[in-house]
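Visitor: Pasting the sequence and the predicted coordinates here, then a few questions.
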Amino acid sequence: MARYTGPKTKISRIFGEPILGNGKWLNKNSNPPGQHGASRKRKSLGEYALQLREKQKAKYTYGVLERQFRKTFEEASRRKGVTGENLIKLLEARLDNTVFRLGIAPSRPAARQLVSHKHITVNGDVLNIPSFQLSAGDVIGLKEKTAGLTGITSQIRGKNPKFNWLDWNETEQTGTFIAYPERESVPENIKEQLIVELYSK
C-alpha cells in the first residue's frame, strides 16, 4: 500500500500549514526544517518551485504518491471542464477522503486504514481500495461486524455541514455521496492552477 510514512511535523513546517496532523507543533516551531532555521537566507521561490510546491502540498494533503497523482491528473485533463477543478473533484471523490469528510474517521490516514482493513462498505459491498472513485448516489457505511466495535464507532463525529456534496444519516450511520463538489466548497488551500501549469510543461 503506497503512502507517505515519514515525519508529519516536518511536512507541516515546510508549508507552514497543518498539512498532516493537527499542526499543534507549528506554534512552537514554525520555522522551515533545516540546520539554520529562520536565520538562513532564503531566496524567493521561482515559478517552477512554486508549482512543484503546490503539487507536493496536494499530494501530502490527500495521501497520494506521484504515480497515482499523475494518473488522477490525466483523468482530470480528459474530462470536460476546467482541469484544475476536475483534479480537486476527483481527489475529493476518493473513498478514503469521503470516509474522512463524513466524520467516520478523524483523519485521512485513519480513513485509509479503515478502508484497507475492510471496515467500510459502498452500496452494501465491502471495499478495501482507498482510491476507489465514488459516483453520485453511492452510500458509504460500516460493515455489520464493525458497527459493533466501540473503538471505531466512538470516533464517529458526523459530517461537517459545510460539506454540502455529502449527506449523513445519523440513525443508520451511513453517508451518501450526492455529487462532485464545487471548487469553492472544498476548504483545502491548494492553488490547483499551478499544478496544471506544472504538468503542462
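Guide: Looks like it came in fine. Numbering: from 1, shown residues only.

Visitor: Setting the sequence-adjacent residues aside, check what's closest to K57.
Guide: F15 (5.6 Å; Cβ to Cβ, 6 or more residues apart in numbering). To be clear about C-beta, it is placed using only N, CA and C from the backbone, and glycine gets the same treatment.

Visitor: and that neighbour, what pLDDT?
Guide: pLDDT, F15: 71.

Visitor: Against P161, how distant is it?
Guide: Remark: distance between F15 and P161 (Cβ to Cβ, to the nearest Å) = 27 Å.

Visitor: that older thread, list the contacts for the residue nearest to K57?
Guide: R53, K57, Y60 (Cβ atoms under 8 Å, 6 or more residues apart in numbering).

Visitor: where do the strands sit along this protein?
Guide: Taking DSSP state E, the strands of the chain run over residues 120-122, 125-126, 138-142, 166-169, 174-177.

Visitor: Poorly predicted segments of the chain, please.
Guide: By pLDDT under 70, the weakly predicted segments of the chain are 1-3, 21-43.

Visitor: can I see the domain layout of it?
Guide: With domains defined by automatic domain parsing, the chain comprises 8-90+189-199, 103-179.

Visitor: What is the end-to-end distance of the longest one?
Guide: Separation of the first and last residues of domain 8-90+189-199 by Cα to Cα, to the nearest Å is 26 Å.

Visitor: ditto for the last one
Guide: The separation between the terminal residues of domain 103-179, taken as Cα to Cα, is 18 Å.

Visitor: can you check stretch 160-179 too?
Guide: Counting by Cα to Cα, the terminal residues of stretch 160-179 are separated by 16 Å.

Visitor: So the residue nearest in space to the middle of the chain versus T176, what's the distance?
Guide: In the chain, the residue lying closest to the centroid (Cα atoms, centre = their mean) is Y62, at 2.8 Å. Distance, Y62 to T176, using Cβ to Cβ: 21 Å.

Visitor: how about the helices in this protein?
Guide: 8-15, 47-62, 66-78, 83-92, 95-101, 108-116, 150-153, 192-199 (DSSP state H).

Visitor: Can you report how many residues neighbour E66?
Guide: 11 (other Cβ atoms under 10 Å).

Visitor: Who are the contact partners of the residue lying closest to it once chain neighbours are set aside?
Guide: Among residues not flanking E66 along the chain, K59 sits closest, at 7.1 Å (Cβ to Cβ, 6+ apart). By Cβ under 8 Å, 6+ apart, the contact set of K59 is L65, E66, F69.

Visitor: same thing with I156?
Guide: Residues in contact with I156, defined by Cβ under 8 Å, 6+ apart, are G103, I104, Q173.

Visitor: so what's the closest residue to the residue nearest to the centre of the chain other than its chain neighbours up against?
Guide: Counting by Cβ to Cβ, 6+ apart, Y62 lies nearest to L91, which is 4.8 Å off, once chain neighbours are set aside. L91 sits next to A58, Y62, V64, T72, N97 when contact means Cβ under 8 Å, 6+ apart.
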